[in-house]
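[1] Give me the fold of what follows.
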Amino acid sequence: MIEVDYILSLSVITPLIISVLSLFSGKKIGVLKLSVINALALSLPFFIVVATYADGVLEKGIKDPIFYQHPSIGSFTFVLDPLNAPIVAGISVVTAIVALYSARYMTHRIDEMVKGGE
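    A predicted model of the protein is given here:
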């Protein structure tokens, strides 16, 4: 297993940070642009899987350094190997597509609710 410098942790933390920032900048940027930005952030794990597969590193697996360790629980880290890479890629693609689709759906749904008096 090859140890990398927190690239897997950043693939989880980056979309979280971008989603929180998008809550505060929604009116300024616009809904459609914001959904594209969030979709790109959510697809970051997919790009990491593709890059590690293209480099041939995925066959050996990669892991982040241990960032939490407790004597009675053990250690916690992120690992990407050939077993979980297709699952990570699939979930990443689906969440990115949902982020793109949900912006138009919610805009349409809110318009319906306003017209219906709800």
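
[2] burial count for Ile97?
    Neighbour count of Ile97, defined by other C-beta atoms under 10 Å: 13. (Glycine included, C-beta is placed from N, CA and C.)

[3] Quick one: residues contacting it.
    Contact partners of Ile97, counting by C-beta atoms under 8 Å, 6 or more residues apart in numbering, are Ala39.

[4] And the helix or strand that contains Val94, what's buried?
    Following DSSP states H and E, one finds Val94 within helix 85-116. For helix 85-116, a neighbour-count test (16 or more other C-beta atoms under 10 Å) marks Ala85, Val88, Ala89, Ser92, Thr95, Ala96, Ala99, Leu100, Ala103 as buried.

[5] For Ile48, which non-adjacent residue is spatially closest?
    Distances taken as C-beta to C-beta, 6 or more residues apart in numbering place Ser11 nearest to Ile48, at 5.3 Å, with adjacent residues excluded.

[6] if we look at stretch 83-91, which residues are touching it?
    Here stretch 83-91 has contacts from Pro45, Phe46, Val49, Val50, Thr52, Tyr53, Leu58, Leu80, using C-beta under 8 Å, 6+ apart.

[7] so which of the residues you listed is the most crowded?
    Using other C-beta under 10 Å as the neighbour criterion, Leu80 leads the contacts of stretch 83-91 with 25 neighbours.

[8] do you know how far the residue nearest the centre of the chain is from Phe24?
    In the chain, the C-alpha nearest the mean C-alpha coordinate belongs to Leu42, at 3.1 Å (C-alpha atoms, centre = their mean). Counting by C-beta to C-beta, to the nearest Å, the gap from Leu42 to Phe24 is 18 Å.

[9] Kindly report the same for Leu83.
    Here the criterion is C-beta to C-beta. By it, Leu83 lies 38 Å from Phe24.

[10] Just the ones in strands from the contacts of stretch 83-91, please.
    Per DSSP state E, strands hold the following members of these: Leu80.

[11] Where is pLDDT lowest across the contacts of stretch 83-91?
    Here the lowest pLDDT out of the contacts of stretch 83-91 sits on Leu58, with 87.
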